[in-house]
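Enquirer: Quick one: sequence and predicted model below, then my questions.
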There are 2 protein chains.
Amino acid sequence: MDRSARAEAGEDDKADGRAAVLEAAARAFMQDGYAATSIDDVAGLLGATKGRVYYYYRSKADLFFDVHRESMRQNMEGAGRIALEDAPALDRLERMVRAHALLMMTHLPFQRVSVLGVEMHLAGSTTPRQRKTLNEIVELRDAYEQRFVDVISQGIAEGAIRPLDVKMVVRGLLGALNWITVWYRPREGETDADRARMADELTTYLINGLRRDEA
Amino acid sequence: MDRSARAEAGEDDKADGRAAVLEAAARAFMQDGYAATSIDDVAGLLGATKGRVYYYYRSKADLFFDVHRESMRQNMEGAGRIALEDAPALDRLERMVRAHALLMMTHLPFQRVSVLGVEMHLAGSTTPRQRKTLNEIVELRDAYEQRFVDVISQGIAEGAIRPLDVKMVVRGLLGALNWITVWYRPREGETDADRARMADELTTYLINGLRRDEA
DNA sequence: GTCTATACTAGGATAGAC
DNA sequence: GTCTATCCTAGTATAGAC
(Lines give C-alpha, C1' and ligand atoms only; values in the text may rest on other atoms or scores of the structure.)
Protein backbone atom coordinates (compact mmCIF):
# COMPACT_ATOMS: atom_id res chain seq x y z
CA MET A 1 0.00 0.00 0.00
CA ASP A 2 2.54 2.62 1.08
CA ARG A 3 5.20 0.77 -0.80
CA SER A 4 5.94 3.65 -3.18
CA ALA A 5 6.45 6.06 -0.30
CA ARG A 6 9.17 3.88 1.17
CA ALA A 7 10.65 2.91 -2.16
CA GLU A 8 12.83 6.00 -2.23
CA ALA A 9 13.99 5.57 1.33
CA GLY A 10 17.04 3.46 0.55
CA GLU A 11 17.04 0.99 3.45
CA ASP A 12 14.15 -0.70 1.75
CA ASP A 13 15.60 -4.18 1.42
CA LYS A 14 15.97 -4.92 5.08
CA ALA A 15 12.78 -3.14 6.04
CA ASP A 16 10.80 -5.04 3.43
CA GLY A 17 12.01 -8.40 4.58
CA ARG A 18 11.09 -7.53 8.12
CA ALA A 19 7.71 -6.17 7.08
CA ALA A 20 6.93 -9.36 5.20
CA VAL A 21 7.65 -11.43 8.28
CA LEU A 22 5.51 -9.13 10.37
CA GLU A 23 2.61 -9.36 7.96
CA ALA A 24 2.79 -13.14 7.95
CA ALA A 25 2.89 -13.19 11.72
CA ALA A 26 -0.18 -10.99 11.96
CA ARG A 27 -2.11 -13.35 9.71
CA ALA A 28 -0.97 -16.40 11.61
CA PHE A 29 -1.78 -14.91 15.02
CA MET A 30 -5.16 -13.78 13.78
CA GLN A 31 -6.06 -17.24 12.65
CA ASP A 32 -4.82 -19.36 15.52
CA GLY A 33 -4.05 -17.05 18.40
CA TYR A 34 -0.68 -16.40 19.93
CA ALA A 35 0.23 -19.63 21.63
CA ALA A 36 -1.28 -21.92 19.02
CA THR A 37 0.82 -20.26 16.35
CA SER A 38 4.25 -21.76 15.83
CA ILE A 39 7.18 -20.02 14.25
CA ASP A 40 6.96 -22.72 11.61
CA ASP A 41 3.44 -21.53 10.80
CA VAL A 42 4.68 -18.00 10.27
CA ALA A 43 7.52 -19.21 8.09
CA GLY A 44 5.11 -21.42 6.21
CA LEU A 45 3.01 -18.43 5.17
CA LEU A 46 6.16 -16.94 3.66
CA GLY A 47 7.11 -20.13 1.89
CA ALA A 48 10.21 -20.17 4.05
CA THR A 49 11.57 -21.81 7.19
CA LYS A 50 12.31 -20.70 10.72
CA GLY A 51 15.69 -19.32 9.81
CA ARG A 52 14.15 -16.42 7.98
CA VAL A 53 11.89 -15.47 10.85
CA TYR A 54 14.62 -15.64 13.47
CA TYR A 55 16.88 -13.57 11.30
CA TYR A 56 14.52 -10.59 11.65
CA TYR A 57 13.02 -11.23 15.06
CA ARG A 58 14.76 -12.66 18.06
CA SER A 59 11.67 -14.23 19.59
CA LYS A 60 8.03 -14.97 19.06
CA ALA A 61 7.07 -12.48 21.75
CA ASP A 62 8.94 -9.71 19.97
CA LEU A 63 7.04 -10.49 16.82
CA PHE A 64 3.79 -10.33 18.70
CA PHE A 65 4.66 -7.00 20.25
CA ASP A 66 5.53 -5.55 16.88
CA VAL A 67 2.15 -6.52 15.47
CA HIS A 68 0.56 -4.56 18.29
CA ARG A 69 2.78 -1.57 17.80
CA GLU A 70 2.04 -1.48 14.11
CA SER A 71 -1.71 -1.63 14.66
CA MET A 72 -1.51 1.24 17.16
CA ARG A 73 0.47 3.23 14.63
CA GLN A 74 -2.21 2.59 12.01
CA ASN A 75 -4.91 3.81 14.38
CA MET A 76 -3.12 6.95 15.42
CA GLU A 77 -2.25 7.77 11.85
CA GLY A 78 -5.61 6.88 10.38
CA ALA A 79 -8.09 8.09 12.97
CA GLY A 80 -6.27 9.69 15.89
CA ARG A 81 -4.87 12.54 13.85
CA ILE A 82 -8.36 13.71 12.93
CA ALA A 83 -8.83 14.77 16.53
CA LEU A 84 -6.32 17.57 16.02
CA GLU A 85 -7.93 19.08 12.94
CA ASP A 86 -9.79 22.35 13.01
CA ALA A 87 -13.51 21.62 12.86
CA PRO A 88 -16.53 21.25 15.14
CA ALA A 89 -15.94 18.47 17.67
CA LEU A 90 -18.91 16.39 16.63
CA ASP A 91 -17.78 16.46 13.01
CA ARG A 92 -14.30 15.34 13.96
CA LEU A 93 -15.66 12.61 16.19
CA GLU A 94 -17.91 11.29 13.49
CA ARG A 95 -15.01 11.05 11.08
CA MET A 96 -12.82 9.42 13.72
CA VAL A 97 -15.45 6.78 14.39
CA ARG A 98 -15.92 6.04 10.71
CA ALA A 99 -12.17 5.92 10.14
CA HIS A 100 -11.64 3.55 13.05
CA ALA A 101 -14.38 1.27 11.78
CA LEU A 102 -12.82 1.11 8.34
CA LEU A 103 -9.37 0.48 9.81
CA MET A 104 -10.70 -2.58 11.59
CA MET A 105 -11.76 -4.02 8.25
CA THR A 106 -8.94 -2.99 5.97
CA HIS A 107 -6.18 -3.96 8.39
CA LEU A 108 -7.98 -6.90 9.92
CA PRO A 109 -5.00 -9.16 10.69
CA PHE A 110 -3.12 -6.52 12.66
CA GLN A 111 -6.20 -5.07 14.27
CA ARG A 112 -7.71 -8.34 15.35
CA VAL A 113 -4.54 -9.47 17.01
CA SER A 114 -4.26 -6.13 18.73
CA VAL A 115 -7.84 -6.15 19.93
CA LEU A 116 -7.50 -9.57 21.49
CA GLY A 117 -4.95 -8.13 23.80
CA VAL A 118 -1.39 -8.16 24.84
CA GLU A 119 -1.78 -8.83 28.52
CA MET A 120 -3.76 -11.96 27.83
CA HIS A 121 -0.99 -13.95 26.30
CA LEU A 122 2.17 -12.73 27.88
CA ALA A 123 1.22 -12.26 31.48
CA GLY A 124 4.36 -12.59 33.51
CA SER A 125 6.56 -14.39 31.07
CA THR A 126 8.42 -11.38 29.79
CA THR A 127 11.97 -10.17 29.99
CA PRO A 128 12.71 -6.65 31.30
CA ARG A 129 13.36 -5.50 27.74
CA GLN A 130 10.00 -6.82 26.60
CA ARG A 131 8.33 -5.33 29.63
CA LYS A 132 9.50 -1.94 28.45
CA THR A 133 8.11 -2.51 24.99
CA LEU A 134 4.84 -3.61 26.51
CA ASN A 135 4.60 -0.40 28.48
CA GLU A 136 5.19 1.64 25.35
CA ILE A 137 2.35 -0.15 23.62
CA VAL A 138 -0.02 0.43 26.50
CA GLU A 139 0.91 4.12 26.46
CA LEU A 140 0.20 4.31 22.75
CA ARG A 141 -3.21 2.82 23.26
CA ASP A 142 -4.00 5.16 26.13
CA ALA A 143 -2.93 8.17 24.06
CA TYR A 144 -5.19 7.02 21.27
CA GLU A 145 -8.18 6.64 23.55
CA GLN A 146 -7.45 10.03 25.01
CA ARG A 147 -7.99 11.60 21.60
CA PHE A 148 -11.57 10.36 21.72
CA VAL A 149 -12.03 11.55 25.27
CA ASP A 150 -10.77 15.00 24.33
CA VAL A 151 -12.96 15.40 21.28
CA ILE A 152 -16.09 14.29 23.13
CA SER A 153 -15.30 16.67 25.98
CA GLN A 154 -14.99 19.45 23.46
CA GLY A 155 -18.28 18.42 21.91
CA ILE A 156 -19.95 18.74 25.28
CA ALA A 157 -18.39 22.16 25.80
CA GLU A 158 -19.65 23.18 22.38
CA GLY A 159 -23.13 22.03 23.31
CA ALA A 160 -23.44 19.50 20.50
CA ILE A 161 -23.10 16.51 22.81
CA ARG A 162 -25.18 15.96 25.93
CA PRO A 163 -23.31 15.84 29.25
CA LEU A 164 -22.26 12.28 30.07
CA ASP A 165 -19.55 10.13 31.61
CA VAL A 166 -16.99 10.59 28.83
CA LYS A 167 -14.64 7.79 29.84
CA MET A 168 -17.44 5.26 30.04
CA VAL A 169 -18.87 6.28 26.71
CA VAL A 170 -15.49 6.04 25.00
CA ARG A 171 -15.20 2.51 26.29
CA GLY A 172 -18.56 1.63 24.84
CA LEU A 173 -17.81 3.39 21.59
CA LEU A 174 -14.44 1.76 21.01
CA GLY A 175 -15.78 -1.57 22.19
CA ALA A 176 -18.49 -1.49 19.57
CA LEU A 177 -15.92 -0.60 16.92
CA ASN A 178 -13.21 -3.01 17.99
CA TRP A 179 -15.81 -5.74 18.03
CA ILE A 180 -15.81 -5.46 14.24
CA THR A 181 -12.65 -7.56 14.24
CA VAL A 182 -14.60 -10.35 15.89
CA TRP A 183 -17.44 -10.66 13.39
CA TYR A 184 -16.05 -9.15 10.21
CA ARG A 185 -14.57 -11.37 7.53
CA PRO A 186 -13.98 -9.97 4.04
CA ARG A 187 -16.35 -11.57 1.60
CA GLU A 188 -15.74 -12.64 -1.95
CA GLY A 189 -16.11 -9.67 -4.26
CA GLU A 190 -16.73 -7.18 -1.48
CA THR A 191 -16.19 -3.56 -2.49
CA ASP A 192 -15.08 -0.43 -0.69
CA ALA A 193 -18.67 0.74 -0.89
CA ASP A 194 -19.84 -2.34 1.00
CA ARG A 195 -17.41 -1.66 3.80
CA ALA A 196 -18.34 2.02 3.80
CA ARG A 197 -21.97 1.12 4.23
CA MET A 198 -21.25 -1.02 7.26
CA ALA A 199 -19.04 1.67 8.76
CA ASP A 200 -21.71 4.30 8.16
CA GLU A 201 -24.43 2.25 9.78
CA LEU A 202 -22.40 1.76 12.92
CA THR A 203 -21.20 5.35 12.96
CA THR A 204 -24.73 6.69 12.75
CA TYR A 205 -25.82 4.54 15.65
CA LEU A 206 -22.88 5.38 17.87
CA ILE A 207 -22.94 9.12 17.17
CA ASN A 208 -26.67 9.29 17.53
CA GLY A 209 -26.51 8.19 21.14
CA LEU A 210 -24.34 11.17 22.00
CA ARG A 211 -26.31 13.98 20.45
CA ARG A 212 -28.02 16.56 22.54
CA ASP A 213 -31.63 16.18 21.49
CA GLU A 214 -32.66 19.08 19.34
CA ALA A 215 -35.31 17.58 17.12
CA MET B 1 -24.39 -18.56 45.03
CA ASP B 2 -27.04 -20.99 43.91
CA ARG B 3 -25.58 -23.55 46.21
CA SER B 4 -28.71 -23.91 48.31
CA ALA B 5 -30.87 -24.49 45.26
CA ARG B 6 -28.79 -27.45 44.23
CA ALA B 7 -28.21 -28.71 47.74
CA GLU B 8 -31.41 -30.71 47.67
CA ALA B 9 -30.74 -32.17 44.27
CA GLY B 10 -28.92 -35.25 45.46
CA GLU B 11 -26.14 -35.69 42.91
CA ASP B 12 -24.47 -32.75 44.49
CA ASP B 13 -21.14 -34.33 45.31
CA LYS B 14 -20.02 -35.11 41.80
CA ALA B 15 -21.49 -31.92 40.35
CA ASP B 16 -19.78 -29.78 42.95
CA GLY B 17 -16.39 -31.27 42.30
CA ARG B 18 -16.84 -30.70 38.62
CA ALA B 19 -18.07 -27.16 39.14
CA ALA B 20 -15.07 -26.33 41.28
CA VAL B 21 -12.72 -27.50 38.55
CA LEU B 22 -14.65 -25.49 36.00
CA GLU B 23 -14.52 -22.36 38.11
CA ALA B 24 -10.78 -22.71 38.56
CA ALA B 25 -10.32 -23.22 34.84
CA ALA B 26 -12.31 -20.09 34.06
CA ARG B 27 -10.09 -18.05 36.33
CA ALA B 28 -6.93 -19.52 34.91
CA PHE B 29 -7.99 -19.03 31.30
CA MET B 30 -9.07 -15.49 32.05
CA GLN B 31 -5.70 -14.63 33.47
CA ASP B 32 -3.35 -16.27 31.01
CA GLY B 33 -5.36 -17.24 27.98
CA TYR B 34 -6.05 -20.72 26.74
CA ALA B 35 -2.69 -21.94 25.53
CA ALA B 36 -0.62 -20.27 28.22
CA THR B 37 -2.69 -22.02 30.88
CA SER B 38 -1.46 -25.44 31.91
CA ILE B 39 -3.54 -28.09 33.55
CA ASP B 40 -1.14 -27.76 36.44
CA ASP B 41 -2.16 -24.11 36.74
CA VAL B 42 -5.80 -25.08 36.99
CA ALA B 43 -5.02 -27.75 39.56
CA GLY B 44 -2.88 -25.25 41.44
CA LEU B 45 -5.83 -22.92 41.92
CA LEU B 46 -7.63 -25.81 43.56
CA GLY B 47 -4.71 -26.74 45.75
CA ALA B 48 -4.63 -30.04 43.93
CA THR B 49 -2.76 -31.80 41.15
CA LYS B 50 -3.56 -32.87 37.60
CA GLY B 51 -5.23 -36.05 38.69
CA ARG B 52 -8.20 -34.17 40.05
CA VAL B 53 -8.69 -32.18 36.89
CA TYR B 54 -8.45 -35.20 34.61
CA TYR B 55 -10.88 -37.09 36.74
CA TYR B 56 -13.64 -34.63 35.81
CA TYR B 57 -12.53 -33.55 32.36
CA ARG B 58 -10.87 -35.69 29.76
CA SER B 59 -8.99 -32.85 28.08
CA LYS B 60 -8.08 -29.21 28.31
CA ALA B 61 -10.20 -28.43 25.28
CA ASP B 62 -13.26 -29.97 26.93
CA LEU B 63 -12.70 -27.77 29.94
CA PHE B 64 -12.47 -24.74 27.72
CA PHE B 65 -15.65 -25.65 25.91
CA ASP B 66 -17.51 -26.05 29.15
CA VAL B 67 -16.50 -22.58 30.29
CA HIS B 68 -18.05 -21.25 27.11
CA ARG B 69 -21.20 -23.26 27.49
CA GLU B 70 -21.64 -22.10 31.04
CA SER B 71 -21.22 -18.45 30.10
CA MET B 72 -23.80 -18.81 27.35
CA ARG B 73 -26.15 -20.40 29.82
CA GLN B 74 -25.66 -17.46 32.18
CA ASN B 75 -26.46 -15.00 29.42
CA MET B 76 -29.56 -16.77 28.21
CA GLU B 77 -30.83 -17.19 31.74
CA GLY B 78 -29.93 -13.72 32.92
CA ALA B 79 -30.70 -11.52 29.92
CA GLY B 80 -32.06 -13.59 27.06
CA ARG B 81 -35.18 -14.63 28.90
CA ILE B 82 -36.25 -11.01 29.29
CA ALA B 83 -36.86 -10.92 25.54
CA LEU B 84 -39.86 -13.22 26.01
CA GLU B 85 -41.61 -11.21 28.68
CA ASP B 86 -44.73 -9.23 28.03
CA ALA B 87 -43.83 -5.54 27.85
CA PRO B 88 -43.04 -2.83 25.29
CA ALA B 89 -40.05 -3.84 23.20
CA LEU B 90 -37.91 -0.85 24.13
CA ASP B 91 -38.45 -1.56 27.83
CA ARG B 92 -37.43 -5.17 27.41
CA LEU B 93 -34.40 -4.19 25.38
CA GLU B 94 -33.26 -1.70 27.95
CA ARG B 95 -33.46 -4.30 30.68
CA MET B 96 -31.67 -6.86 28.52
CA VAL B 97 -28.83 -4.44 27.88
CA ARG B 98 -28.47 -3.58 31.53
CA ALA B 99 -28.62 -7.24 32.53
CA HIS B 100 -25.98 -8.20 30.01
CA ALA B 101 -23.70 -5.42 31.21
CA LEU B 102 -24.02 -6.59 34.80
CA LEU B 103 -23.43 -10.21 33.81
CA MET B 104 -20.11 -9.23 32.27
CA MET B 105 -19.00 -7.84 35.61
CA THR B 106 -20.43 -10.32 38.04
CA HIS B 107 -19.35 -13.40 36.08
CA LEU B 108 -16.15 -11.92 34.74
CA PRO B 109 -14.00 -15.07 34.56
CA PHE B 110 -16.50 -17.03 32.52
CA GLN B 111 -17.58 -14.11 30.42
CA ARG B 112 -14.15 -12.87 29.58
CA VAL B 113 -13.00 -16.27 28.41
CA SER B 114 -16.14 -16.60 26.35
CA VAL B 115 -15.79 -13.18 24.78
CA LEU B 116 -12.26 -13.84 23.67
CA GLY B 117 -13.59 -16.56 21.51
CA VAL B 118 -13.67 -20.22 20.84
CA GLU B 119 -12.56 -20.27 17.23
CA MET B 120 -9.43 -18.39 18.07
CA HIS B 121 -7.80 -21.06 20.12
CA LEU B 122 -9.03 -24.30 18.76
CA ALA B 123 -9.02 -23.75 15.04
CA GLY B 124 -8.64 -27.12 13.41
CA SER B 125 -7.25 -29.09 16.30
CA THR B 126 -10.50 -30.66 17.40
CA THR B 127 -11.85 -34.15 17.44
CA PRO B 128 -15.22 -34.89 15.83
CA ARG B 129 -16.79 -35.09 19.28
CA GLN B 130 -15.44 -31.68 20.19
CA ARG B 131 -16.48 -30.31 16.83
CA LYS B 132 -20.03 -31.18 17.73
CA THR B 133 -19.78 -29.43 21.07
CA LEU B 134 -18.33 -26.41 19.34
CA ASN B 135 -21.28 -26.25 16.99
CA GLU B 136 -23.66 -26.39 19.92
CA ILE B 137 -21.93 -23.46 21.53
CA VAL B 138 -22.07 -21.42 18.36
CA GLU B 139 -25.76 -22.17 18.08
CA LEU B 140 -26.33 -21.05 21.64
CA ARG B 141 -24.60 -17.77 20.93
CA ASP B 142 -26.55 -17.23 17.75
CA ALA B 143 -29.81 -17.92 19.54
CA TYR B 144 -28.87 -15.41 22.19
CA GLU B 145 -28.07 -12.71 19.66
CA GLN B 146 -31.31 -13.48 17.90
CA ARG B 147 -33.20 -12.47 21.01
CA PHE B 148 -31.78 -9.00 20.65
CA VAL B 149 -32.54 -8.91 16.94
CA ASP B 150 -36.13 -9.90 17.61
CA VAL B 151 -36.75 -7.35 20.32
CA ILE B 152 -35.26 -4.51 18.29
CA SER B 153 -37.34 -5.52 15.29
CA GLN B 154 -40.41 -5.43 17.49
CA GLY B 155 -39.37 -2.02 18.75
CA ILE B 156 -39.22 -0.74 15.20
CA ALA B 157 -42.63 -2.21 14.47
CA GLU B 158 -43.97 -0.53 17.59
CA GLY B 159 -42.53 2.78 16.40
CA ALA B 160 -40.32 3.31 19.43
CA ILE B 161 -37.11 2.58 17.55
CA ARG B 162 -36.10 4.25 14.31
CA PRO B 163 -35.71 2.00 11.25
CA LEU B 164 -32.15 0.70 10.99
CA ASP B 165 -29.99 -2.26 10.03
CA VAL B 166 -30.90 -4.45 12.98
CA LYS B 167 -28.15 -7.01 12.59
CA MET B 168 -25.45 -4.37 12.37
CA VAL B 169 -26.77 -2.52 15.38
CA VAL B 170 -26.91 -5.67 17.48
CA ARG B 171 -23.26 -6.29 16.66
CA GLY B 172 -22.38 -2.80 17.82
CA LEU B 173 -24.53 -3.09 20.89
CA LEU B 174 -23.16 -6.44 22.04
CA GLY B 175 -19.65 -5.37 21.11
CA ALA B 176 -19.86 -2.37 23.39
CA LEU B 177 -21.20 -4.58 26.18
CA ASN B 178 -18.84 -7.50 25.72
CA TRP B 179 -15.97 -5.04 25.72
CA ILE B 180 -16.67 -4.59 29.42
CA THR B 181 -14.77 -7.81 30.02
CA VAL B 182 -11.70 -6.18 28.50
CA TRP B 183 -11.52 -3.09 30.69
CA TYR B 184 -13.45 -4.03 33.80
CA ARG B 185 -11.64 -5.29 36.88
CA PRO B 186 -13.45 -5.40 40.24
CA ARG B 187 -12.03 -2.82 42.56
CA GLU B 188 -11.38 -3.06 46.25
CA GLY B 189 -14.57 -2.29 48.15
CA GLU B 190 -16.69 -1.92 45.04
CA THR B 191 -20.43 -2.18 45.67
CA ASP B 192 -23.40 -3.35 43.65
CA ALA B 193 -24.37 0.28 43.32
CA ASP B 194 -21.04 1.09 41.68
CA ARG B 195 -21.53 -1.61 39.11
CA ALA B 196 -25.13 -0.54 38.57
CA ARG B 197 -24.00 2.99 37.85
CA MET B 198 -21.57 1.81 35.18
CA ALA B 199 -24.18 -0.44 33.63
CA ASP B 200 -26.71 2.40 33.61
CA GLU B 201 -24.36 4.84 31.95
CA LEU B 202 -23.62 2.42 29.14
CA THR B 203 -27.24 1.38 28.80
CA THR B 204 -28.42 4.95 28.46
CA TYR B 205 -25.89 5.62 25.73
CA LEU B 206 -26.63 2.47 23.77
CA ILE B 207 -30.42 2.76 24.00
CA ASN B 208 -30.36 6.45 23.20
CA GLY B 209 -28.87 5.80 19.79
CA LEU B 210 -31.83 3.66 18.83
CA ARG B 211 -34.70 5.93 19.81
CA ARG B 212 -36.93 7.47 17.26
CA ASP B 213 -36.49 11.17 17.95
CA GLU B 214 -39.56 12.53 19.61
CA ALA B 215 -38.16 15.37 21.70
C1' DG C 1 20.16 -13.90 4.18
C1' DT C 2 18.30 -18.33 4.31
C1' DC C 3 18.53 -23.07 5.16
C1' DT C 4 19.07 -27.71 7.81
C1' DA C 5 20.12 -29.84 11.64
C1' DT C 6 19.65 -30.37 16.66
C1' DA C 7 19.40 -29.21 21.85
C1' DC C 8 16.24 -28.58 25.11
C1' DT C 9 11.95 -27.95 27.76
C1' DA C 10 7.17 -27.47 28.78
C1' DG C 11 3.18 -29.51 29.18
C1' DG C 12 -0.89 -32.73 27.71
C1' DA C 13 -2.29 -37.07 28.70
C1' DT C 14 -2.22 -41.84 30.90
C1' DA C 15 -1.33 -45.77 34.26
C1' DG C 16 -1.62 -47.32 38.33
C1' DA C 17 -0.79 -46.84 43.55
C1' DC C 18 -3.34 -45.41 47.49
C1' DG D 1 -11.53 -39.58 44.13
C1' DT D 2 -7.00 -38.01 44.30
C1' DC D 3 -2.21 -38.56 43.92
C1' DT D 4 2.60 -39.68 41.83
C1' DA D 5 5.29 -41.21 38.13
C1' DT D 6 6.06 -41.38 33.46
C1' DC D 7 5.55 -41.23 28.38
C1' DC D 8 5.71 -38.50 24.51
C1' DT D 9 4.99 -34.85 21.33
C1' DA D 10 5.28 -30.15 19.89
C1' DG D 11 7.60 -26.26 19.39
C1' DT D 12 11.16 -22.41 20.83
C1' DA D 13 15.51 -21.24 19.98
C1' DT D 14 20.39 -21.91 18.42
C1' DA D 15 24.55 -23.43 15.64
C1' DG D 16 26.56 -23.69 11.77
C1' DA D 17 26.51 -24.98 6.63
C1' DC D 18 25.67 -22.78 2.23
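Expert: In hand now; what should we look at? Just so it is clear, the model here is predicted, and its values are computed rather than measured. Numbers count the residues shown, from 1 in each chain, chains lettered A, B, ... in the order given.

Enquirer: Can you report how many residues neighbour the residue of chain A found nearest DNA strand C?
Expert: Closest residue of chain A to DNA strand C, Cβ to the nearest atom of the strand: residue A:51 (1.8 Å). The way it works is simple: take the backbone N, C-alpha and C, and place the C-beta from them, glycine included. Neighbour count for residue A:51, taken as other Cβ atoms under 10 Å in any protein chain shown: 8.

Enquirer: so which helix or strand takes in it?
Expert: Using DSSP states H and E, residue A:51 sits within helix A:50-56.

Enquirer: so does that helix get close to DNA strand D?
Expert: Yes - for a cut-off given as Cβ under 7 Å from any atom of the strand, helix A:50-56 has contacts with DNA strand D, namely A:50, A:51, A:54.

Enquirer: what pLDDT does the first one get?
Expert: Spelled out, that is residue A:50. For residue A:50, the pLDDT comes out at 97.

Enquirer: Distance of it relative to chain B?
Expert: To chain B, residue A:50 is 19 Å away according to Cβ to the nearest Cβ, to the nearest Å.

Enquirer: which residues touch that residue?
Expert: Going by Cβ atoms under 8 Å, 6 or more residues apart in numbering or on different chains, residue A:50 touches A:39, A:40, A:43.

Enquirer: so which of the residues you listed comes closest to residue B:207?
Expert: Residue B:207 lies nearest to residue A:39 out of the contacts of residue A:50, by Cβ to Cβ, at 47.0 Å.

Enquirer: count of neighbours near that closest one?
Expert: Counted with other Cβ under 10 Å, the neighbours of residue A:39 add up to 18.

Enquirer: do you know how far it is from residue B:33?
Expert: Distance check for residue A:39 against residue B:33: by Cβ to Cβ, to the nearest Å, it reads 18 Å.

Enquirer: again with residue A:103
Expert: From residue A:103 over to residue B:33 (counting by Cβ to Cβ), the distance is 24 Å.

Enquirer: Contact residues of chain A facing DNA strand D?
Expert: Within chain A, the residues that sit near DNA strand D (Cβ under 7 Å from any atom of the strand) are A:36, A:37, A:38, A:39, A:40, A:50, A:51, A:54, A:58, A:59, A:60, A:61.

Enquirer: Mind checking which of those are buried?
Expert: Among the residues of chain A next to DNA strand D, those scoring as buried are A:36, A:37, A:39, A:60, A:61 (criterion: 16 or more other Cβ atoms under 10 Å in any protein chain shown).

Enquirer: wait, isn't residue A:89 in contact with residue A:159?
Expert: No - the pair residue A:89 / residue A:159 is not scored as a contact, 9.8 Å apart, by Cβ atoms under 8 Å.

Enquirer: Those two - which one has more neighbours?
Expert: The residue with more neighbours, out of residue A:89 and residue A:159, is residue A:89; 20 against 12, by other Cβ under 10 Å.

Enquirer: Now do the same contact list for that one.
Expert: Here residue A:89 is in contact with A:151, A:152, A:154, A:155, A:157, A:158, A:160, A:161 (criterion: Cβ under 8 Å, 6+ apart).

Enquirer: Kindly reformat those residues as TSV and extend each row with neighbour count, distance to residue B:195 and secondary structure.
Expert: Below are those laid out as TSV (neighbours: other Cβ atoms under 10 Å in any protein chain shown; distance: Cβ to Cβ, whole Å; DSSP: H, G, I helix; E, B strand; the rest coil):
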residue	neighbour count	distance to residue B:195	secondary structure
A:151	26	28	helix
A:152	24	23	helix
A:154	17	29	helix
A:155	24	27	helix
A:157	11	29	helix
A:158	12	32	coil
A:160	18	30	coil
A:161	23	25	strand
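
Enquirer: Pick the one among these closest to DNA strand D.
Expert: Closest to DNA strand D, out of all of the contacts of residue A:89 and judged by Cβ to the nearest atom of the strand, is residue A:151, at 40.0 Å.

Enquirer: mind checking pLDDT for the closest one?
Expert: pLDDT, residue A:151: 98.

Enquirer: how close does the residue nearest to residue A:100 when sequence neighbours are not counted sit to residue A:108?
Expert: Spatial nearest neighbour of residue A:100, chain neighbours left out: residue A:79 (4.5 Å); criterion: Cβ to Cβ, 6 or more residues apart in numbering or on different chains. As judged by Cβ to Cβ, residue A:79 and residue A:108 stand 15 Å apart.

Enquirer: do residue A:131 as well
Expert: According to Cβ to Cβ, residue A:131 stands 28 Å off from residue A:108.

Enquirer: How many neighbouring residues does residue A:178 have?
Expert: Close neighbours of residue A:178, defined as other Cβ under 10 Å, add up to 22.

Enquirer: That one is in contact with residue A:115, isn't it?
Expert: Yes - if you go by Cβ under 8 Å, residue A:178 and residue A:115 touch, sitting 4.7 Å apart.

Enquirer: where do the helices sit along chain A?
Expert: Along chain A, counting by DSSP state H, helices occupy A:3-7, A:12-32, A:39-46, A:50-56, A:60-78, A:89-106, A:108-115, A:119-122, A:128-157, A:166-178, A:180-183, A:192-208.

Enquirer: Deepest in the core, which of those helices is it.
Expert: Ranked by mean neighbour count under mean count of other Cβ atoms under 10 Å in any protein chain shown, the helices of chain A are led by helix A:108-115, which reaches a mean of 24.

Enquirer: Show me the contact partners of it.
Expert: A:23, A:26-27, A:29-30, A:64, A:67-68, A:70-72, A:74, A:103-104, A:178, A:181-182, A:184-186.

Enquirer: Give me every residue in chain A lying close to DNA strand C.
Expert: By the rule Cβ under 7 Å from any atom of the strand, the part of chain A lying against DNA strand C is A:13-14, A:17, A:43, A:47-52, A:54-56.

Enquirer: Which of these sits closest to residue A:144?
Expert: Nearest to residue A:144 among the residues of chain A next to DNA strand C is residue A:56, at 26.4 Å by Cβ to Cβ.

Enquirer: Now do the same contact list for that closest one.
Expert: Contact partners of residue A:56, counting by Cβ under 8 Å, 6+ apart, are A:17, A:18, A:21.

Enquirer: quick one on the thing from earlier: show me the least confident stretch of the helices of chain A, going by mean pLDDT.
Expert: helix A:3-7 (a mean of 46).

Enquirer: quick revisit: which stretch among the helices of chain A comes nearest residue B:190?
Expert: With Cβ to Cβ as the criterion, residue B:190 lies closest to helix A:166-178 of the helices of chain A, at 14.9 Å.
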